[in-house]
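# Just to be clear, the model below is a prediction. Sequence and coordinates:
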Amino acid sequence: MRLSLPDASVQPHDRSSYTSYKILSEGFGPGYGAPLILATETGSKGADLGPVVAAVSKAEGIAYVSQPQVSKDGQAATFMAFPRTGSQDEATTDLVHTLRDDVLPQVNGGDGVYVGGPNAASIDFADDIGSRLPLMVAIVIALSLALLIGLVRSVTIALQAAVMNLLSIGAAYGVLVAIVQWGWLGSALGFTTDMPITTWVPMMMFPLLFGLSMDYEVFLISRVREEYERIGDNRQAVTYGLARTARVITAAAAIMVVVFGTSLLGPDVAVKQMGLGMAVAVLIDATVVRMILVPAVMELCGKANWWMPGRRTVQPATPVAAVAVGEENRV
């Protein structure tokens, strides 16, 4: 998954911003709208930026480098470097990292030169989000495990819930990459071109989807647990819990899918990505995960579903007693 902030190049083609981008890119190249601003402190005696400018201009992927401009007090100097590719291209991201890690450190005076500007700032933001996303995922899972163990009194069920939630969210990320980044059916859903995923979308999606998934999980498992404590039979408890909650879960999920899907009707590509990812995740979670995978895994685990350190195992009731209790409850 590549992350970036959307610019005019990925906007609907009927917008004036895209028309302006197209005119500029055809006349000056796609990198004209994604310049890199290089800045440095020159000191009281000034500094010769000639070697730095020459090294940057020779870097692969650079189309043009402007002449340095020194501030009025002589303390700072800047110049601009225009890449051959646009801000949404992976090559531009690689170029920024190459300049910082390889080109500038190897030239005399390049250690004090910084690569900035809106384009570089967008790349830095994407890198920060990508590096911190695993930490956020770990914290959310750890907190949810603690809460779910306290609620259902089962370590196995809590671990199952965490894994299943990750499956549905991971599937949503995959569909989002396939449609938005790879272009599969992208034009049919309103994405005019292949583009990276908007930087903030994965980080916003994960806690929201994890919360919705856990809501469905708690609703299903609470019913199963009630039945298991009543009769002590895992298979019957899973069957009963699924039968009692399936319609409610799928109906609630259908409403959410429709609500999130309406974002595809708008023009903003970032909002459309968010809505698409949320709709796909809820659809997969409420159908494949909650209705198929969770009951199947619980059936396979058997009595191990209800393992909790220090807790006594519930003894199954006799078939006659179970039926009698069930009939009494129905009355």
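Perfect, I can see it now. Remember, it's a predicted structure, so these values are computed and weren't measured experimentally. Residues are numbered from 1 along each chain as shown.
# remind me, longest strand of the protein?
Across the chain, the strand with the greatest residue count (assigned by DSSP state E) is strand 76-83.
# which residues sit against that strand?
29, 31-32, 34-42, 47, 49, 53, 56-57, 61-71, 91-92, 95, 99, 117 (CB atoms under 8 Å, 6 or more residues apart in numbering). Placement of C-beta: from N, CA and C, glycine included.
# Give the ChimeraX command for selecting the buried subset of those residues.
To isolate the buried ones among the contacts of strand 76-83 in ChimeraX, judged by 16 or more other CB atoms under 10 Å, type:
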select :29,31,32,34,35,36,37,38,39,40,42,47,49,53,56,61,62,65,68,92,95,99,117
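# Now, the contacts of strand 76-83 that are in helices?
53, 56, 57, 91, 92, 95 (DSSP state H).
# and the two most separated of the residues you listed?
Farthest-apart pair in the ones in helices among the contacts of strand 76-83 is 53 and 91; separation 21.3 Å (CB to CB).
# Doesn't residue 103 lie inside a helix?
Yes: judged by DSSP: H, G, I helix; E, B strand; the rest coil, residue 103 forms part of a helix.
# wait, what's in contact with the closest residue to it other than its chain neighbours?
Using CB to CB, 6 or more residues apart in numbering and skipping the chain neighbours, the partner closest in space to residue 103 is residue 59 (5.0 Å). If you count contacts by CB under 8 Å, 6+ apart, residue 59 has them with 95, 98, 99, 103.
# again, but for residue 152
158, 218, 221, 222, 225.
# so what's the second one scoring on pLDDT?
At residue 218, the model reports a pLDDT of 89.
# right, and it touches residue 148 too?
Yes: applying CB atoms under 8 Å, one finds residue 218 in contact with residue 148, separated by 7.4 Å.
# C-alpha coordinates for the longest strand of the chain, PDB please?
C-alpha atoms of strand 76-83 as PDB (Å, rounded to 0.1, in the frame of the first residue of the first chain):
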ATOM      1  CA  ALA A  76      19.700  31.400   4.300                       C
ATOM      2  CA  ALA A  77      19.500  30.300   0.800                       C
ATOM      3  CA  THR A  78      17.100  28.200  -1.200                       C
ATOM      4  CA  PHE A  79      16.700  26.700  -4.600                       C
ATOM      5  CA  MET A  80      14.100  24.500  -6.300                       C
ATOM      6  CA  ALA A  81      14.500  21.100  -8.000                       C
ATOM      7  CA  PHE A  82      11.700  19.900 -10.300                       C
ATOM      8  CA  PRO A  83      11.400  16.100 -10.700                       C
END
